[in-house]
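1. Any chance you could fold what I've pasted below:
(5 chains, ligands or ions: 5)
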Amino acid sequence: MHRFANPTRFLRLANALLPWLAAAAVLLLGSGLWLGLLRSPADYQQGETVRIMYVHVPAAWMAMAGYTTLALSSLAFLVWKHPLADLAARAASPIGASFTAIALVTGALWGQPMWGTWWVWDARLTSVLVLLFLYLGHMALTNAFDDPERGGRAGAVLALVGVVNLPIIKFSVDWWNTLHQPASVLRLGGSTIDPAMMKPLFLMAGGYLAVFGVALILRIRALYAERRLRQLRLSLTDA
Amino acid sequence: MNGFLALIGRDLRLARRQGADVAMTLAFFVVVVALFPLGLGPTPALLARIAGGVLWVTALLAAMLSFDRLFQQDADDGGLDLLALSGLPLVLVALAKAVAHWLTTGLPTVLLAPLLALTLDLPAAAYPALVIGLLLGTPTVSLLGTVGAALVVGARRAGVLVALIVLPLTIPVLIFGVAAVEAGGAGLPIQPHLTLLAALLAAAIPLAPLAAGAALRQAVE
Amino acid sequence: MNGFLALIGRDLRLARRQGADVAMTLAFFVVVVALFPLGLGPTPALLARIAGGVLWVTALLAAMLSFDRLFQQDADDGGLDLLALSGLPLVLVALAKAVAHWLTTGLPTVLLAPLLALTLDLPAAAYPALVIGLLLGTPTVSLLGTVGAALVVGARRAGVLVALIVLPLTIPVLIFGVAAVEAGGAGLPIQPHLTLLAALLAAAIPLAPLAAGAALRQAVE
Amino acid sequence: MTGNDRLDVMDLAARRGGRPVFHGLSFTLAPGGALRLAGRNGGGKTTLLRILAGLGRADRGVVLWNGDPIGDDREAHAARLGWLGHADALKPALSARENLEAALRIADRPLAGLNNALDALGLSNLADLPAGWLSSGQRRRVALARVLAGAAPLWLLDEPTVGLDIASVAALERAIASHRAGGGMVVAATHTALDLGPDTVSLDPAAHAGAIPEPIS
Amino acid sequence: MTGNDRLDVMDLAARRGGRPVFHGLSFTLAPGGALRLAGRNGGGKTTLLRILAGLGRADRGVVLWNGDPIGDDREAHAARLGWLGHADALKPALSARENLEAALRIADRPLAGLNNALDALGLSNLADLPAGWLSSGQRRRVALARVLAGAAPLWLLDEPTVGLDIASVAALERAIASHRAGGGMVVAATHTALDLGPDTVSLDPAAHAGAIPEPIS
Ligand code: HEM
Ligand SMILES: Nc1ncnc2c1ncn2[C@@H]1O[C@H](COP(=O)(O)OP(=O)(O)OP(=O)(O)O)[C@@H](O)[C@H]1O
Ligand SMILES: Nc1ncnc2c1ncn2[C@@H]1O[C@H](COP(=O)(O)OP(=O)(O)OP(=O)(O)O)[C@@H](O)[C@H]1O
Ligand SMILES: [Mg+2]
Ligand SMILES: [Mg+2]
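-> Ligands and ions are numbered 1, 2, ... in the order given. Now for the predicted structure:
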């Protein structure tokens, strides 16, 4: 039975991985920022503001990757009932929400010079906002019950329902006329972006991924400790 | 199938006996819609411009008011256990609840909307889009609300929580619904928008009860 | 007086226990405010024109969502009998509930409203009117809602009456609140509107708890 | 608790939903006295208890505390009561202890007796769990502990043994005995063999429902 | 009711809120059999009944109906059950009869037994009053009548005697006897002296809670 599986093995693995991930995060982000902010060319159209891209685009990618993590963990929790999957889902949603918030804020900062407004209610922007709401709803729902397991299961169902939003985010620029520009890096038929911009972009993306991993492990560890504490308190009252 | 109809029948009868929920929804609808001319000043051009949006947003919010009670009342009095043990699959329980909800809140809203549109000076050409759009959109809202209601059974502050969960999911309905009204008012074809609304409904009819049924199973266990 | 503060304290603790509770109200506020631009189309000039109305309607709505549970939960679990027998007069019970409700929903709304106003392009000159107006108006809404919540518990069949009485009662608050925002945006004096809001609050503070207390007495008997 | 109080009920009549439930009901409870309400379902036990608490309205007759009608000062009467209703009135999100503390604070009563009350009903180990995690009998015991902790002279208990296990019933009987020994009074409605102690008077409100009095409306 | 059914419970373990409630619980119920769940508050009686109904989740072990795990076909298992929970599951706005009719219709069961069930519990006179007007014991009887009317082979009753007067307890005992005589089975959790009839097995789930199994998560 999975319920009796001991999560200490996972924790040992995670602890071993943690320093390497943290080092990778520092290295990748450092070199990415250095290349991106100082060494890459300014855009012929956008000028220096293009450098927001190195913060904005990977954050938007991680917002979606975070939700994918959340949805997969939720599926695993509902199917195999493994408590670790519950912890992973709970850990993923605030991290994903943070990346979503970064993407929204940097997008807004970018929009001001590019489109002349902080915010427009177009399909891409709106669906990302919905993503943020889904994260918030997930966090609120999982914590709204006295019994944490009940909260975990309700949250898992919600996370799966929200998966429909992911393709909408990804393809909204193709399906509707939007201000936001269509995919130029990750698209069928090859990238349309200058390689001098590609390199720092991918360094940053790798760095964000490492940060996500570090944060996830730290959150899972904290949640696990919290749950153990609760169990100890409960078993004391049994005495 | 018999059990399915019986459940709808019971909920309709309860709604008729109590009356409060339907009246509350409708009164809220009227008051909020009435507020806009009062608050914005009766500039007909402005009102006409925002009429579609106001009616749609308000219809959506009015539906939210009743969702938290949809299953919670049954859960509190033990009735949810009984439904789970009725032999009727929980997916059908959820669907029946959604149907009853739509009949008691969605349908009255649809019927009331054209009347309220009059007070907002909605262009005459926009009425078909408004009514057909609501007719196609409000069932989707009821279905999505059923998912939210099933998820928050037993949660604290369920009323706000259910709105927080359901509203983002209903945004596409809102966008296409309003787009249809605007297109109608501007003399553009409304059919593409209505088709999208119908597509959303067609997707929601099987999927939402599935999700809601799964959520109810979590709630009783 | 001790009992009065203890009741507020208990309700706040219940609200705090739910952790993300106030955050939930705020998130709801954000979601609903986001709905209006979606429904009305993102024309900044139009949004700015209706921002005051949107923010006020949403604040009212956020409050409305929690009213039906305000006493019903206590009534269902026997807690209302206990409150009636606590030696605290029911008038003070109602007032304490209104205070707790305002602190957990009204106040966060007031604090968040200016931020949301940014996304709606509200004219800068309208901010004082918005914040002060909400600060004066939301307590009145909480007080009136307490009356409604108490009536819903007491009168099983009079639910129709409740909805029709309470919602219109909040209309003056909304009208003056929105009017103040519009006046502020147009550079007109806002003080007359705010004075009226203050007058409404001054009238509601003694009267609403009296009415709610009487309704609660009906409910327990 | 002064031990000098008395409760007089004179010629009480009540109706529910337009139908008479009982009438012509009179009795007196002296300090240390106990009254057991028994009889068939729907006999009016709950109705009578609610009237005694000032929660229900009598059709006719009065309830006097030391000679004064209880309706004259509702708050004062409430302060003399330990009330246990059908429902447990616990907030699931608060622990048993927090529930009791809140109830005592709202009623402006001292918290001193709280731990003893929890102990008396064997709840010390459970007191810090959220009430929502307790079983039905455990919750009932928390509600009983609230009555004990309130230290009021008159206990009104509606089916106090519902869901209690045998050990808890015994604990309740001990609590009632010591309450009465201190001059407190008890009125309890129950269908079970709960022993309220010596000199307990039994009353079946339904036995006072014979001839229907002239209709009142 | 075929009278050939059997219920097997093998090595059942359950936990609530992360704490083990019982484990290693096994028993068999033959046609006409009766099982009485007793023991202290919080012992796990309600938890066990919910698992038997398919409403709760076991940590380990299986419940078999005629050899098949009940989880394999939840709807089929539900159709065999007469369930009485802690709460009465009555809508106050509907009359007793309407409540029962609705429940039977939703479960797609025949309405034929309805009047007999109401009669058996002495409810014929009350059946057309709104359930909200009934006293607590009367409401409990309506909920019991729903079990009787359902005519299912396996009755799961959680504290069925709560609030019942003496006459109603006797009526319940008669109903249980005739149910068993027809080959039906009963599992009832109770703290009172309810007589389930001859050959009743008693079980205290709390007696199976000794060693705590290895901790999870
Ligand atoms: C708040 C506003 C914004 C939001 C919510 C947003 C959201 C997103 C998202 C979700 C992606 C990932 C799309 C994918 O991988 O297919 C993305 C990518 C991107 N965004 Fe934004 N964005 C915003 C504003 C802007 C602005 C103002 C610009 C610049 C004019 C911009 C330029 C880009 C670019 C260049 C990409 C990379 C597209 C690709 O190569 O795939 N974004 N944005
Ligand atoms: N929702 C819950 N969350 C956590 N623990 C719970 C929950 N419900 C019950 N428990 C615990 O599970 C244990 C078993 O409870 P259960 O309700 O099965 O007991 P019971 O035998 O029915 O008791 P009673 O005689 O009081 O009805 C109890 O110790 C209780 O505290
Ligand atoms: N809200 C109500 N409206 C109308 N009639 C009611 C209401 N509540 C109770 N009654 C009726 O009043 C009578 C007395 O009810 P009461 O609850 O006092 O009985 P009881 O002796 O406490 O019964 P039980 O042993 O079942 O608890 C019953 O016949 C009942 O039907
Ligand atoms: Mg009673
Ligand atoms: Mg139990």
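2. list the helices and strands the one helix or strand residue A:100 maps to packs on?
-> Taking DSSP states H and E as the definition, one finds residue A:100 inside helix A:83-115. Using 3 or more C-beta pairs under 8 Å, 6 or more residues apart in numbering or on different chains; DSSP states H and E as the contact test, the elements touching helix A:83-115 are helix A:53-80, helix A:123-142, helix A:148-161, helix A:195-238. Using the backbone N, CA and C atoms, a C-beta is placed for each residue, glycine as well.
3. Can I get those helices in CSV including distance to residue A:38, mean pLDDT and mean neighbour count?
-> Formatted as CSV, the helices and strands packed on helix A:83-115 follow (distance: least, C-beta to C-beta, whole Å; pLDDT from 0 to 100; neighbours: other C-beta atoms under 10 Å in any protein chain shown):
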stretch, distance to residue A:38, mean pLDDT, mean neighbour count
helix A:53-80, 11, 93, 21
helix A:123-142, 29, 89, 25
helix A:148-161, 40, 91, 24
helix A:195-238, 10, 85, 17
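4. which one of those helices lies closest to residue D:95?
-> Closest of those to residue D:95 is helix A:195-238, at 10.2 Å (criterion: C-beta to C-beta).
5. can you map out the helices along chain D?
-> For chain D, applying DSSP state H gives helices covering D:45-53, D:74-79, D:96-106, D:114-120, D:136-150, D:166-181.
6. Run through who's touching the longest one.
-> Contacts of helix D:166-181 with the rest of the structure, by C-beta atoms under 8 Å, 6 or more residues apart in numbering or on different chains, involve D:32-34, D:120-122, D:137, D:141, D:144, D:148, D:155, D:160-161, D:164, D:186, D:188, D:192, D:194-197, E:40-41, E:191.
7. quick revisit: now distance to residue B:153, mean pLDDT and mean neighbour count too, for the helices of chain D, in JSON lines please.
-> Formatted as JSON lines, those follow (distance: least, C-beta to C-beta, whole Å; pLDDT from 0 to 100; neighbours: other C-beta under 10 Å):
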{"stretch": "helix D:45-53", "distance to residue B:153": "30", "mean pLDDT": "95", "mean neighbour count": "25"}
{"stretch": "helix D:74-79", "distance to residue B:153": "35", "mean pLDDT": "91", "mean neighbour count": "18"}
{"stretch": "helix D:96-106", "distance to residue B:153": "23", "mean pLDDT": "94", "mean neighbour count": "23"}
{"stretch": "helix D:114-120", "distance to residue B:153": "31", "mean pLDDT": "94", "mean neighbour count": "18"}
{"stretch": "helix D:136-150", "distance to residue B:153": "19", "mean pLDDT": "95", "mean neighbour count": "25"}
{"stretch": "helix D:166-181", "distance to residue B:153": "30", "mean pLDDT": "95", "mean neighbour count": "17"}
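8. quick one: contacts for the residue in chain B that ligand 4 sits nearest to?
-> Nearest residue of chain B to ligand 4: residue B:77, at 17.5 Å (C-beta to the ion). The neighbours of residue B:77, taking C-beta under 8 Å, 6+ apart as the test, are E:87, E:88, E:89, E:90, E:91.
9. that older thread, buried among the contacts of helix D:166-181? Make that a ChimeraX selection.
-> Buried members of the contacts of helix D:166-181, defined by 16 or more other C-beta atoms under 10 Å in any protein chain shown, are picked up in ChimeraX with:
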select /D:32,33,34,120,121,122,137,141,144,148,155,160,161,164,186,188,192,194,196,197 /E:40,41,191
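10. Pull the residues that contact stretch B:190-203.
-> B:128-129, B:132-133, B:136-137, B:139-140, B:143, B:172-173, B:176-177, B:179-180, B:183-184.
11. repeat that with 10 Å
-> A:164, B:125-126, B:128-130, B:132-141, B:143-144, B:170, B:172-173, B:175-184, B:208 (C-beta atoms under 10 Å, 6 or more residues apart in numbering or on different chains).
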